[in-house]
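1. here's a sequence, model it:
(one chain, ligands or ions: 1)
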Amino acid sequence: MAKITIIDDDQFFQDLLAENCQLMGHEIFTAGSISEGKVILSAESIDLLFLDVRLPDGNGLDLLSFVREIPSAPEVIIITGAGDLNGAELSIKNGAWDYLQKPIARQEITLQVTRALEYHEKKQQVPSHVSLNRDDIVGKSPQLCKCLNQIAACAGSDTTVLLTGETGTGKELFAQAIHVNSNRSRQPFIVVDCAGLPEKLIESILFGHIKGAFTGADTNQKGLIEQADGGTLFLDEVGELPLESQKTFLRVLQEKIYRPLGKGKEVSSNFRLIAATNRDLFAMVGQNTFRSDLFYRLNGFNIHLPPLRERPEDIENLAMSFIFSICCREKIPVKGVVPETLQVLFHYSWPGNVRELKQTLEKAILADPIAPVLYPIHLPSEIRLNHIHSLVSRKQLLPSDSTGVFTGNDPAESDILPTFKEYRKLYQQDMEKRYLQRLMGESSGNIVVACRTSGLSRSRLYDLLKSHSLLYRTVSES
Ligand SMILES: Nc1ncnc2c1ncn2[C@@H]1O[C@H](COP(=O)(O)OP(=O)(O)OP(=O)(O)O)[C@@H](O)[C@H]1O
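-> Model (predicted):
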């Protein structure tokens, strides 16, 4: 049994949430304001906090810094009304577990409580907890959390870090996060693109030169190694370095001294080294295409970033975050997404990983900037076709259950394409049924509340419930 606090001044919602969590076997503490909430949070060892944004004595998000200092480190689920999305996004970046927008279905509450408490329990088992500024890193799959914990463990030291993983998994993003979380964060983060270094100019680019060192050297030029002094040197795509250039790197990485071209004496630079590659450096050492001494110099602390297909739980969060940031950048209203679109994204294997997901959403949004919602039709055809093929191969072809209600499999994917009218009817029935289920759940069966929320007359609502065979114990008082 976990301890859950609900801070919300909406009595109806507070009761609904409390009842739901009690049924799950948890102990509930409720508060209607920030000040009442603080009293509970100080007195009890709380595991999960539901926090409303608009509270009578201030903005709920202001409580987050207080919550961060609580020894039990509760998970926080932000409750928002329409229009609070900005603050909610910010709270996620500040470590909140998730945010839910009212009205919220019971199933959604149950799922979030289960997941957040599972995560909280696992987190308690990690012996030392190091706080981490995760910046723009989105995702909460166990695989990603493991990498974040590794960052937290190594950021504070000067250990050399080797980031490995397929293209687009976020190696550069993680390298930046290590820098930002280190005590060098106020100093430069210098990227060396090892794949694009012209072999002939490599020494000049890395070590710099003084005026007159060679024809065309008209001024003194600082090299990347000097620029990284005091900060972090990030060797991106280090596996692409030709053997000859590897030798040039080795000495400066080992001894941190170098000689700018044309200069008589050597100079030193104090940098922290991070490298990244999508190649298997160990195998390359075996094939004599990568120097073993350089490999062991780089491989101080290895963080392997898993491909997106191995952590599909992150797809939805990444997609929502990208849609939000792309729409803000384009100065267009933030688009909604239908579950079918997420399903297509979910079933794709993303060989280009997070970068490909981001570019796909960029294309989808820009293809129809004024559409308020992203439908599967907005996605590139190869990704949609991939989804259709996977549906077909799983033989999910039958559209209806015994009541004739569309059950979630798309009839357009079945062997026989239905007429447009049939297709629309199946979809409409499914939508109606889902809406009514949620409506009645959130109204706790109160027919007056359900009519007010839905805008339906009492007789129309009864007719609809009957036609969908939805039997509810209804309450009539207002
Ligand atoms: N967990 C994440 N959260 C948010 N954005 C991410 C995440 N992972 C990757 N990205 C984004 O995906 C894109 C690719 O990431 P990045 O350049 O760090 O990948 P990479 O592994 O270094 O790729 P490459 O090997 O091709 O250089 C960037 O726009 C980055 O911001």
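2. got the contact list for the closest residue to the ligand within the stretch 151-300 of the chain?
-> For the stretch 151-300 of the chain and the ligand, the shortest gap (Cβ to the nearest ligand atom) falls at Gly170, measuring 2.7 Å. Every residue, glycine included, has its C-beta placed from N, CA and C. By Cβ atoms under 8 Å, 6 or more residues apart in numbering, the contact list for Gly170 reads 137, 305, 353-354.
3. filter those down to the ones in helices?
-> Counted as lying in helices by DSSP state H, out of the contacts of Gly170, are 353-354.
4. want to throw the contacts of Gly170 into JSON lines with neighbour count, pLDDT and distance to the ligand?
-> Output for the contacts of Gly170, formatted as JSON lines (neighbours: other Cβ atoms under 10 Å; pLDDT from 0 to 100; distance: Cβ to the nearest ligand atom, whole Å):
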{"residue": "Ile137", "neighbour count": "19", "pLDDT": "94", "distance to the ligand": "5"}
{"residue": "Leu305", "neighbour count": "24", "pLDDT": "96", "distance to the ligand": "7"}
{"residue": "Asn353", "neighbour count": "21", "pLDDT": "97", "distance to the ligand": "7"}
{"residue": "Val354", "neighbour count": "23", "pLDDT": "98", "distance to the ligand": "3"}
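5. okay, the contacts of Gly170 in JSON lines with distance to Leu385 next?
-> Converted to JSON lines, the contacts of Gly170 look like this (distance: Cβ to Cβ, whole Å):
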{"residue": "Ile137", "distance to Leu385": "31"}
{"residue": "Leu305", "distance to Leu385": "28"}
{"residue": "Asn353", "distance to Leu385": "20"}
{"residue": "Val354", "distance to Leu385": "22"}
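6. which two of the contacts of Gly170 have the greatest separation?
-> Ile137 and Asn353 (13.7 Å; Cβ to Cβ).
7. and the protein, which residues reach the ligand?
-> Within the chain, the positions lying close to the ligand (Cβ under 6 Å from any ligand atom) are 136-139, 165, 167-173, 236, 276, 278, 318, 354-355, 358.
8. would you write a ChimeraX line that selects the buried entries of those residues?
-> What follows is the ChimeraX syntax selecting those of these that are buried according to 16 or more other Cβ atoms under 10 Å:
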select :137,138,139,165,168,169,170,171,172,173,236,276,278,318,354,358
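9. from the residues of the chain next to the ligand, which land in strands?
-> 236, 276 (DSSP state E).
10. buried sites along stretch 321-333?
-> In stretch 321-333, counting by 16+ other Cβ under 10 Å, buried: 321-327.
11. could you work out the end-to-end span of stretch 263-273 for me?
-> With Cα to Cα, to the nearest Å applied, stretch 263-273 spans 24 Å between its terminal residues.
12. do stretch 323-337 as well
-> End-to-end distance of stretch 323-337 (Cα to Cα): 9 Å.
13. cool, stretch 134-152 as well?
-> Terminal-residue distance, stretch 134-152 (Cα to Cα): 9 Å.
14. what of stretch 29-39?
-> Per Cα to Cα, stretch 29-39 runs 11 Å from first to last residue.
15. mean confidence for that stretch?
-> Averaged across stretch 29-39, pLDDT comes to 91.
16. how much distance is there from that stretch to the middle of the chain?
-> Relative to its chain's centre, stretch 29-39 lies at 30 Å (Cα atoms, centre = their mean, to the nearest Å).
17. that one: which residues count as buried?
-> Buried, per 16+ other Cβ under 10 Å, within stretch 29-39: 29-34, 36-38.
18. just the buried positions in stretch 343-353, please.
-> Those would be 344-345, 347-348, 350, 352-353, for stretch 343-353 by 16+ other Cβ under 10 Å.
19. quick one: least confident helix or strand in this protein?
-> Every helix and strand in the chain was compared by mean pLDDT, DSSP states H and E; the lowest is helix 85-93, with a mean of 67.
20. name the nearest residue to His378, ignoring sequence neighbours.
-> Nearest residue to His378, sequence neighbours excluded (Cβ to Cβ, 6 or more residues apart in numbering): Ala364, at 4.2 Å.
21. who are the contact partners of the one you found?
-> Residues counted as contacts of Ala364 (Cβ under 8 Å, 6+ apart) are 374, 378-380.
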